[in-house]
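>>> here is my input; please provide its structure:
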Amino acid sequence: MTRLPKTALCLLAACFLLSAGCDELPDSIRDRIDGAEPPHVRVFPADQKTTYAAVLEAVDQIGFRFERGGSATGNLEAISGLATGDDPGSTRQFSLKAKLSPTLDGGTEVRVWIKEIIEGDSEHQQGFATESPLRDTPLYEAFFHAIQQGTGGGK
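Now for the predicted structure:
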């Protein structure tokens, strides 16, 4: 049996530690590394469970369908219905991702990302879609307003 030199063992250990540490990065740092769009953020005066229930209602009010998530994890993903795109044969849809985190004062921070999904030729090339983050869409304000109604206010 051959023994690995100490430098190889150190290199192997460093790779392991670096790969394990990526999961522990705060979401804001991970988003920057991934090149993701920064979220829209609001803080609500209710606890996470109450805010999550308001988020579920807000998703429904803006015409999205719950896909996955849970109050305990503070994650929610939802998707809108399909609509006809601008080009003949194309479709468009919106996805919403929300992350809830408790604040020190007992409130809940809600971070939201909304993306537009466009499938250029949905009839002949299903599954070939492009996603683009939406920066300035009234969907964010409608979503936050609906949460505010369900929690009793927002900051």
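>>> for the residue nearest to residue 53 when sequence neighbours are not counted, give its distance to residue 72.
In space, and not counting its chain neighbours, residue 53 is closest to residue 150: 6.8 Å by CB to CB, 6 or more residues apart in numbering. To be clear about C-beta, it is placed using only N, CA and C from the backbone, and glycine gets the same treatment. Per CB to CB, to the nearest Å, residue 150 is found 19 Å from residue 72.
>>> how about residue 60?
Distance from residue 60 to residue 72, by CB to CB: 20 Å.
>>> on that earlier part again, would you check that the residue nearest to residue 53 makes contact with residue 49?
No - under the criterion of CB atoms under 8 Å, residue 150 makes no contact with residue 49, lying 12.0 Å away.
>>> returning to that earlier point: for the residue nearest to residue 53, pull up the helix or strand it's in.
If you go by DSSP states H and E, residue 150 is part of helix 138-151.
>>> got a list of what the residue nearest to residue 53 touches?
50, 51, 53, 54, 55, 57, 58 (CB atoms under 8 Å, 6 or more residues apart in numbering).
>>> give me the buried entries from those residues.
50, 51, 54, 55, 58 (16 or more other CB atoms under 10 Å).
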